[in-house]
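Engineer: return a 3D structure for these sequence lines:
(one chain, ligands or ions: 2)
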Amino acid sequence: MTVASASVTRIPVRRPLVVVAGNPNTGKTTVFNRLTGAEYKVANYPGVTVERHSATLALPGGAVVDVLDVPGTYSLSARSREEELAIQTVAGLEPFESPDLVVLVADATQLSRNLYMVLQVLELGVPVVLAVNMVDMLEERGQSLDLASIRRELGIPVVETTALRGRGMDELKQEIERALADPGRARPGWRWIPEDPALLADVQSVMQTLPPGWVRGNPERGRAIAIWALLSLDAQDELEAIPDAVRKVVEKRRSAAAEQGRPIDAEIIGGRYAWIDARMPLFLREPDAKRDTPNERRTLTERIDAVLLHPTAGFAIFLIVMGIVFQSLFNWADPAIHGIENLFSLLASSSRAWLPTGIIQEFVGGGLIAGVGSVVVFLPQILLLFFFIGLMEDSGYMARVAFLMDRIMRAMGLHGRAFVPMLSGYACAVPAILATRTMERQRDRTLTMMVIPLMTCSARLPVYTLIIGTLFPPSKAFGLLPVQGLLMIGMYLFSTLTALVAAIVLSRTLFRGPPVPLILELPPYRVPHWPSVVRMMWLRTRSFLEGAGTIILLCTIALWLLLSFPRNSAQKARFEAERAQVVARDLAAGEQGVRLAAIDVAEGSERMRSSYGASLGRALEPAIAPLGFDWKIGVGLIGAFAAREVFISTMGVVYGAGDARGSGSTTLRERIRAEMRADGRPVYTPLVGLSLMIFFALACQCMSTLAAIRRETRSWRWPLFLFAYMGVLAWIASFAVYQGGRWLGLA
Ligand code: GDP
Ligand code: MG
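Structural biologist: Ligands and ions are numbered 1, 2, ... in the order given. Model prediction:
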């Protein structure tokens, strides 16, 4: 008995919680990955769709702790939801768990600005171990840290690290272990406190309204949180944590101070910086006058920037770089994509040869293998895009892209870094959506995801080509401009304009928020670190396969079921009989094959016409008839949900035109042209074609896009919103085009 109870008491109630925080781009994630081996779990913060990464770390002594990666933030003065989350996590404000230790990561080359946040966290009385990272870059400048001074002045353990190469990580683990065992080590014996009595009175009155659970009977903690609330009020819309009672007092105090001409913000912020600036000369040892390498380094980056940020030359180079990225997604990925498509259709047909005829065989060939194929087919573009993004991030060029594009993108409410994802959207929305990760703020990411699917992706191209080639004459407008080419260019312009207008509208309505101060850092250029680039490609790919991949696979299978059931045994028997007849007749082998294939096509077509999908298409008809579409187009639209270009093969099957790719498409075109309504008018007129193209341009009929957004926002809310808003937009625009065209007498 005693043994059992003794062993029970040794089991900890919960594992200690260590939080990794710091300014953006200081190497938090790199430190986190180094500490934990990056086998992290991804989850959302309670109640919001901002991702948090957590993993476990085994300390040298054997104890295991939970480690949490916090979104990067410049300070604890919350201007955005991410910054607010950072302080909630660090301070352990309800409903967040209090961390046992905060590992603050600071960039050694930006020490004074980074220490600002360190001061704030220390004011909260949370135990802190400071990791001063990027020491390699500091050394390149010839500077070095005086760790003893930093430790003495801050009163906490300080470690210097180069997380990229794993330097200093063992020491960091040791300090984490010691601080957890003895939190007093990691709590300084001093606090920064405002000096002005009027400001102290403001702080005092805010403190009195704070929830007791925040203060926890600790007046110093209460004071730090009150200072935070006093500084954080310019972003009321987005912030959720500050209770209304606190907010009211803060507003009153701030407006009173403003009337008295007391600038609260300047006083608090300036006070902290004064503390830091007074000590910086102690913390940083400047290079010897003799060594001039750092200046050379600096000027190298500056000299490169003089070209790359040049208003004309820089912009030209930028366009060339983007052109290469775009070209690679569009053309270089193509052979791999075709290879994958061929491989999977080969697999499907050989499975047909291996498996006994029947429902299993059809499921494996038509549902399962096609489903896996529709996931794998995204990999070439994802890998290529993340290869380029990795290069641009790691070399330092991405920051310049954001810099060059920021003014233009900002005018549309978008982040400068949204440019690369938007451009990638012309190739495919799925990798583009994954690429929004280069933006730190969730608002910027979600807004960009809501407009990317409007860009003309490459899957829309074959659909436009079919429609334009079938329904529009190869003639020239005004005797010189080819109508078909003009239409294609028109579709591109149309989609780009819609995406930009959507960004402007959404950023001023749903995504309205406080303007974020432009803090763009231009890190020094460096040769990309290949392992990091490859690692990022792999992590992205894996999370796509695990998250979006499963949804895409399930949807493909569901669509297959929808379009191949129910079974009709009489129908099947009839086609079997026809086949038997052909076999029985003594035909040349080639002739027999052709006839059997024709029967297969006819059977597939008839089966699809009696499938659940067809019933759905008919049920859809009243809704889409005002756009000029009949139920067969409805079936095609349902099929297009798997991938837009599937529209063509679905139409091919509906019309019994065989495989629409390759030679079959001529037949499909003829059949489409010949299709008549009951009253003898053709179903497909140029007006219907235009309406259909507009519909394809605007509707989000792509389950892979929805699955990717679901994965990236970790909720169904945004994919559903996207589907709804694009659907409504598509319907209205097609309606306007078709009905307007009829009114003008065009059809
Ligand atoms: P986070 O935004 O704070 O999570 O920062 P990341 O971990 O994403 O790192 C930002 C960039 O700095 C990445 O390109 C890293 O490869 C790079 N980096 C991280 N640690 C170091 C370091 O110790 N030295 C150098 N030179 N680069 C680093
Ligand atoms: Mg990070």
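
Engineer: please make it C-alpha for all contacts and neighbour counts, starting now.
Structural biologist: Noted.

Engineer: any residues of the stretch 351-500 of the chain in contact with ligand 1? List them.
Structural biologist: Asp394 (C-alpha under 6 Å from any ligand atom).

Engineer: go again with 8 Å.
Structural biologist: Residues of the stretch 351-500 of the chain lying near ligand 1 by C-alpha under 8 Å from any ligand atom: Glu393, Asp394, Ser395, Gly396.

Engineer: ligand 1: which of those residues is nearest?
Structural biologist: Minimum distance to ligand 1 across those is 4.7 Å, recorded for Asp394 (C-alpha to the nearest ligand atom).

Engineer: how about the residues of the stretch 1-150 of the chain near ligand 1?
Structural biologist: Residues of the stretch 1-150 of the chain lying near ligand 1 (C-alpha under 8 Å from any ligand atom): 21-32, 71-72, 105, 133-137.

Engineer: related to what we said a few turns ago, inside strands: which ones of the residues of the stretch 351-500 of the chain next to ligand 1?
Structural biologist: With strands defined by DSSP state E, no entry of those lies inside them.

Engineer: which ones among those residues are found in helices?
Structural biologist: Glu393, Asp394, Ser395 (DSSP state H).

Engineer: buried stuff in the helix or strand harbouring Asn342?
Structural biologist: For Asn342, the host element (DSSP states H and E) is helix 333-354. For helix 333-354, burial by neighbour count (16 or more other C-alpha atoms under 10 Å) applies to Ala333, Ala336, Ile337, Ile340, Glu341, Phe344, Ser345, Leu347, Ala348, Ser349, Ser351, Arg352.

Engineer: low-confidence stretches in this structure?
Structural biologist: 1-13, 38-51, 71-81, 232-240, 287-298, 513-521, 656-667, 747 (pLDDT under 70).

Engineer: which residue does the stretch 451-600 of the chain have closest to ligand 1?
Structural biologist: Counting by C-alpha to the nearest ligand atom, the stretch 451-600 of the chain gets nearest to ligand 1 through Ser532 (6.3 Å).

Engineer: ok, that residue - contacts?
Structural biologist: Applying C-alpha atoms under 8 Å, 6 or more residues apart in numbering to Ser532 gives the contacts Gly390.

Engineer: assumed it was part of a helix.
Structural biologist: Yes - Ser532: assigned to a helix according to DSSP: H, G, I helix; E, B strand; the rest coil.

Engineer: can you give me the strands in the stretch 201-350 of the chain?
Structural biologist: 284-285 (DSSP state E, counting those that start in this stretch).

Engineer: tell me which parts of it are close to ligand 1?
Structural biologist: Counting by C-alpha under 8 Å from any ligand atom, no residue of the stretch 201-350 of the chain sits close to ligand 1.

Engineer: ranges for the strands of the stretch 451-600 of the chain?
Structural biologist: Using DSSP E, counting those that start in this stretch, strands in the stretch 451-600 of the chain cover 476-477, 481-482.

Engineer: to Ala724, which of these lies closest?
Structural biologist: strand 481-482 (35.5 Å; C-alpha to C-alpha).

Engineer: quick one: strands adjacent to that closest one?
Structural biologist: strand 476-477 (antiparallel) (DSSP bridges).

Engineer: ok, now which ones touch the residue of the stretch 601-747 of the chain found nearest ligand 1?
Structural biologist: With C-alpha to the nearest ligand atom, the shortest gap between the stretch 601-747 of the chain and ligand 1 falls at Glu712, namely 17.3 Å. The neighbourhood of Glu712, defined by C-alpha under 8 Å, 6+ apart, consists of Ile433, Leu434.

Engineer: quick check: it vs Ser351, distance?
Structural biologist: Plainly put, Glu712 is 34 Å away from Ser351 if you go by C-alpha to C-alpha, to the nearest Å.

Engineer: how about Ala503?
Structural biologist: From Ala503 to Ser351 the distance is 46 Å (C-alpha to C-alpha).

Engineer: count of neighbours near Arg52?
Structural biologist: 16 (other C-alpha atoms under 10 Å).

Engineer: could I get the CA-only coordinates of the helix or strand where it lies as CSV?
Structural biologist: Element membership for Arg52, per DSSP H and E: strand 51-58. C-alpha atoms of strand 51-58 as CSV (Å, rounded to 0.1, in the frame of the first residue of the first chain):
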residue,chain,number,x,y,z
GLU,A,51,-2.7,28.4,-34.5
ARG,A,52,-0.7,27.3,-31.6
HIS,A,53,2.1,24.8,-31.7
SER,A,54,2.9,22.6,-28.7
ALA,A,55,5.4,19.8,-28.2
THR,A,56,7.2,18.1,-25.4
LEU,A,57,10.8,18.6,-24.3
ALA,A,58,12.8,16.1,-22.3
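
Engineer: which elements pack onto it?
Structural biologist: If you count contacts as 3 or more C-alpha pairs under 8 Å, 6 or more residues apart in numbering; DSSP states H and E, strand 51-58 packs onto helix 28-36, strand 41-44, strand 64-69.

Engineer: now render the buried residues of helix 333-354 as a markdown table, adding distance to Val246.
Structural biologist: Below are these laid out as a markdown table (distance: C-alpha to C-alpha, whole Å):
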| residue | distance to Val246 |
| --- | --- |
| Ala333 | 55 |
| Ala336 | 58 |
| Ile337 | 57 |
| Ile340 | 59 |
| Glu341 | 60 |
| Phe344 | 61 |
| Ser345 | 63 |
| Leu347 | 64 |
| Ala348 | 64 |
| Ser349 | 68 |
| Ser351 | 67 |
| Arg352 | 69 |
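
Engineer: and the gap between the spatially closest residue to Thr162 that is not a sequence neighbour and His338?
Structural biologist: Nearest residue to Thr162, sequence neighbours excluded (C-alpha to C-alpha, 6 or more residues apart in numbering): Met134, at 5.0 Å. Applying C-alpha to C-alpha, the value for Met134 to His338 is 43 Å.

Engineer: what of Leu545?
Structural biologist: Distance from Leu545 to His338, by C-alpha to C-alpha: 19 Å.

Engineer: and if you look at Ser144?
Structural biologist: 54 Å.

Engineer: now Ser345
Structural biologist: From Ser345 to His338 the distance is 10 Å (C-alpha to C-alpha).

Engineer: with Asn33 instead?
Structural biologist: 36 Å.

Engineer: and what of Leu59?
Structural biologist: For Leu59 relative to His338 (C-alpha to C-alpha), the value is 48 Å.

Engineer: burial count for Asn25?
Structural biologist: The burial count for Asn25: 16, using other C-alpha under 10 Å.

Engineer: and what of Pro566?
Structural biologist: 14.
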